[in-house]
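A.B. asks: Task: produce atomic coordinates for the following.
(one chain, ligands or ions: 1)
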Amino acid sequence: MRPYAAADIGTWDLTADVVVAGYGVAGAAAAVEAAHAGAEVLVLERAGGWGGAAALAGGFVYLGGGTALQRACGFDDSPEAMATFLMAAMGPGADAAKISAYCEGSVAHFDWLVGCGVPFKPVFYGEPAWEPAGDEGLMYSGGENAHPFDEIAEPAPRGHLPQMDDKRTGERGGGYMLMKPLVKTAERLGVKAHYGVRIERLVVERDGRVCGVVARSHGERVTVRARRGVVLATGGFTYNEEMLAAHAPLLMGRPGSAVEEHDGIAVKLAQALGAGVAHMDACEVAIHMDPQYLIRGIVVNGRGQRFINEDTYPGRIGQAALFQQGNRTFLVLDEEGFEEARRVSAAPDVLQLPPTWVCESATELAAEMGLPPGALEATLEVYNRHAEDGRDPLLGKAARWLRPLRGPLGAVDLEGMTSGFALGGLTTGTDSEVLHVNGEPIPGLYAAGRATAGIAAWGYASGASLGDGSFFGRRAGRSAALNR
Ligand code: FAD
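C.D. replies: This next block holds a predicted model:
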């Protein structure tokens, strides 16, 4: 991992002003902005083509503050409300400077994406779901309209989704519709890309300035000089078992929403130069159940107790399940709830799990589930008593979703039904400069995307990764281009 000294390189095989490692969302945004700022840009991509995790993604981009799409769908928002929400929901330990820059620049960033050709359909999707049923462009994607955030900040939907020609999530989904126009824009601006080229080391001048990379292509060593700067945009460390074991062990064996190329190379290369890291234990966590079901029932832990309002962002339920409840959780619903959810759900079958157990009474059900005697009954008694009055004084679920659960009950075993990706990474400034552990920028080195600790420090909202990856990717490209 140690950097090479420039003096030892001999000849350079390739040279550009700005060298971008990784052609996912952060790399594409960096390439466009660096080229726009007048730099000659070379992207090195390990895979056989552009895209990374971004092209496989559902496509949520977390934006707000009053974007044209929000306004077209009839929603007011402000950078202040957005920042207040993000500071509360992305923490503890959210980076106030990054969040402030992100919220202040969000409207312009949306316009920039549209300017690059990313299509958004001005239709709001208001159902509880992981993603819209069709090609709707706007959705709540972080629990903004649920307790406690609806009392902390004025709620607004901020999950912006590129419109799909023919929705096929994981193949030609919203993420692909985001990436394709960004790459086309980069190509129009003269950005060159080399595929099958995997960066392995950084190269530094005697004064510590990063001036290139050493890569491998088809087994051959390739030396690449960067006249102005190197941008690390190679993704996170979710597929590096050793790093997961050291920082986020609960995610081991359950990677999700990431690609195998996320092997932590950027973090390691920059750490070898003294870079700092942050929030290495934080993770996005999905729970594998359609929110249409979760919201109509109660989610309980292995003690038969509720622990979260079921109408919040399902990713918060996933995080709480994995990190606070030993990944042992159950969804309890009555017949009416199951039937209604089945009728309205637009989710794929894998997210519509049938009940594992069905029983006439809570006592029988709890026994089947292996819960401590009396615990589930007590939970249901309290929930139902307050639901009659349209209240949830324990966890603050909204009145709209409260209804006593009666008659035969079913429970879905959600034990282990979580997966996710690591959120921690390199410490960067608001201009995407990689920061040394002493707080100073490492000259010539920039980073963005999941290689960095972005706006999500612990909590998460769908769209935060494509959002901060594209936003701070642009800044990385621009900073590198202007570095002389
Ligand atoms: P990537 O987009 O993965 O790009 C990194 C690139 O670097 C890759 O192309 C990789 O091959 C390349 N690379 C790696 N190592 C090297 C190397 N040594 N040399 C050269 N190149 C290298 N996020 C959201 O915000 N909203 C969503 O709706 C969403 N849905 C998702 C759904 C799925 C199915 C998946 C898989 C992910 C989803 N995500 C979503 C997560 C999001 O896609 C990623 O977190 C995001 O793409 C990270 O951006 P990035 O630029 O850091 O990494």
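
A.B. asks: got the buried residues for stretch 235-251?
C.D. replies: G235, G236, F237, T238, Y239, N240, M243, L244, H247, A248, L250, L251 (16 or more other Cβ atoms under 10 Å). For the C-beta atoms, the positions are set from N, CA and C on the backbone; glycine is no exception.

A.B. asks: Which secondary structure element is home to the first one?
C.D. replies: Assigned by DSSP states H and E, G235 belongs to no helix or strand.

A.B. asks: okay, now whichever residue of the stretch 51-200 of the chain sits closest to the ligand: neighbour count?
C.D. replies: Closest approach between the stretch 51-200 of the chain and the ligand, counting by Cβ to the nearest ligand atom: G52, at 2.6 Å. Residues near G52, counting by other Cβ atoms under 10 Å, number 30.

A.B. asks: likewise G126?
C.D. replies: Using other Cβ under 10 Å: G126 sits among 13 other residues.

A.B. asks: got a list of what it touches?
C.D. replies: Contacts for G126 (Cβ atoms under 8 Å, 6 or more residues apart in numbering) come out as M139, Y140.

A.B. asks: start at 9 instead
C.D. replies: Shifting the count to begin at 9 puts that one at G134.

A.B. asks: H202 versus that one, what's the distance?
C.D. replies: Here the criterion is Cβ to Cβ, to the nearest Å. By it, G134 lies 44 Å from H202.

A.B. asks: Can you name the residue of this structure nearest to the ligand?
C.D. replies: For the chain, Cβ to the nearest ligand atom, closest residue to the ligand: G32, 1.8 Å.

A.B. asks: returning to what we had before: show me which of the buried residues of stretch 243-259 neighbour the ligand.
C.D. replies: Filtering the buried residues of stretch 243-259 for proximity to the ligand by Cβ under 6 Å from any ligand atom leaves G243.

A.B. asks: Leaving out sequence neighbours, find the closest residue to F480.
C.D. replies: Leaving aside its sequence neighbours, F480 sits nearest to A456 (Cβ to Cβ, 6 or more residues apart in numbering; 4.2 Å).

A.B. asks: So P401 sits against H394, correct?
C.D. replies: Yes: in this structure P401 lies within contact range of H394 using Cβ atoms under 8 Å: 5.8 Å.

A.B. asks: Between these two, tell me which one has more neighbours.
C.D. replies: Using other Cβ under 10 Å, the more surrounded residue of P401 and H394 is H394, with 16 against 8.

A.B. asks: contacting residues for the more buried one?
C.D. replies: Counting by Cβ under 8 Å, 6+ apart, H394 has contacts D400, P401, L402, L410.

A.B. asks: coming back round to it: tabulate the buried residues of stretch 243-259 in CSV, adding columns for distance to Q327.
C.D. replies: Putting the buried residues of stretch 243-259 into CSV (distance: Cβ to Cβ, whole Å) gives the following:
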residue, distance to Q327
G243, 20
G244, 16
F245, 18
T246, 15
Y247, 20
N248, 21
M251, 19
L252, 16
H255, 16
A256, 12
L258, 10
L259, 11
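
A.B. asks: Looking at the buried residues of stretch 243-259, which are in helices?
C.D. replies: Those of those mapping onto helices are M251, L252, H255, per DSSP state H.

A.B. asks: how near is A91 to D21?
C.D. replies: 45 Å.

A.B. asks: Model confidence score at H296, please.
C.D. replies: Per-residue pLDDT puts H296 at 98.

A.B. asks: Kindly write the PyMOL command that selects the buried subset of the contacts of H394.
C.D. replies: Only the buried entries of those go into this PyMOL selection, using 16+ other Cβ under 10 Å:
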select buried, resi 400+410
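
A.B. asks: top strand in the protein by residue count?
C.D. replies: strand 228-240 (DSSP state E).

A.B. asks: and that strand, is it in reach of the ligand?
C.D. replies: No: on the criterion Cβ under 6 Å from any ligand atom, strand 228-240 is out of touch with the ligand, staying 9.0 Å away.

A.B. asks: Quick one: residues contacting the residue of the chain closest to the ligand.
C.D. replies: W58, G59, G60, A61, A62, A63, M187, A241, G243, G457, G477.

A.B. asks: Would you agree the second one is in contact with Y184?
C.D. replies: Yes: between G59 and Y184 a contact is recorded at 7.3 Å, counting by Cβ under 8 Å.

A.B. asks: Specify the residue ranges that define each domain of the chain.
C.D. replies: Domain segmentation of the chain under automatic domain parsing yields 9-291+429-492, 297-424.

A.B. asks: Go through these and pick out the most buried.
C.D. replies: With neighbours taken as mean count of other Cβ atoms under 10 Å, the domains of the chain reach their highest mean count in domain 9-291+429-492, at a mean of 22.

A.B. asks: just to revisit the earlier point, helices or strands up against the longest strand of the chain?
C.D. replies: Judged by 3 or more Cβ pairs under 8 Å, 6 or more residues apart in numbering; DSSP states H and E, strand 228-240 is in contact with strand 22-29, helix 33-44, strand 205-212, strand 218-225, helix 273-279, strand 449-455, helix 472-490.

A.B. asks: what lines up beside that strand in the sheet?
C.D. replies: Sheet pairing of strand 228-240 (DSSP bridges) gives strand 22-29 (parallel), strand 218-225 (antiparallel), strand 449-455 (parallel).

A.B. asks: secondary structure class for W120?
C.D. replies: Following DSSP: H, G, I helix; E, B strand; the rest coil, we place W120 in the helix state.

A.B. asks: Contact partners for it?
C.D. replies: Going by Cβ under 8 Å, 6+ apart, W120 touches R482.

A.B. asks: Show me what from the stretch 359-492 of the chain comes close to the ligand.
C.D. replies: Checking the stretch 359-492 of the chain against the ligand by Cβ under 6 Å from any ligand atom, the hits are G457, R458, A459, S470, G471, A472, S473, L474, G475, G477.

A.B. asks: Check these and tell me the two furthest apart.
C.D. replies: Using Cβ to Cβ, these reach their maximum pairwise distance at A459 and S470, which is 19.9 Å.

A.B. asks: E208 touches G220, doesn't it?
C.D. replies: No: counting by Cβ under 8 Å, E208 stays clear of G220, with 12.0 Å between them.

A.B. asks: what is the mean pLDDT for stretch 265-272?
C.D. replies: 97.

A.B. asks: sorry, back to before: next one: the residue of the chain closest to the ligand from C291, what distance?
C.D. replies: Taken as Cβ to Cβ, the span from G32 to C291 is 19 Å.

A.B. asks: how about G261, secondary structure?
C.D. replies: coil.

A.B. asks: quick one: it and C291, what's the gap?
C.D. replies: 13 Å.

A.B. asks: just G481 next, same as before
C.D. replies: Taken as Cβ to Cβ, the span from G481 to C291 is 21 Å.

A.B. asks: likewise R262?
C.D. replies: R262 is 9 Å from C291, by Cβ to Cβ.

A.B. asks: can you list residues touching both of those two?
C.D. replies: G428.
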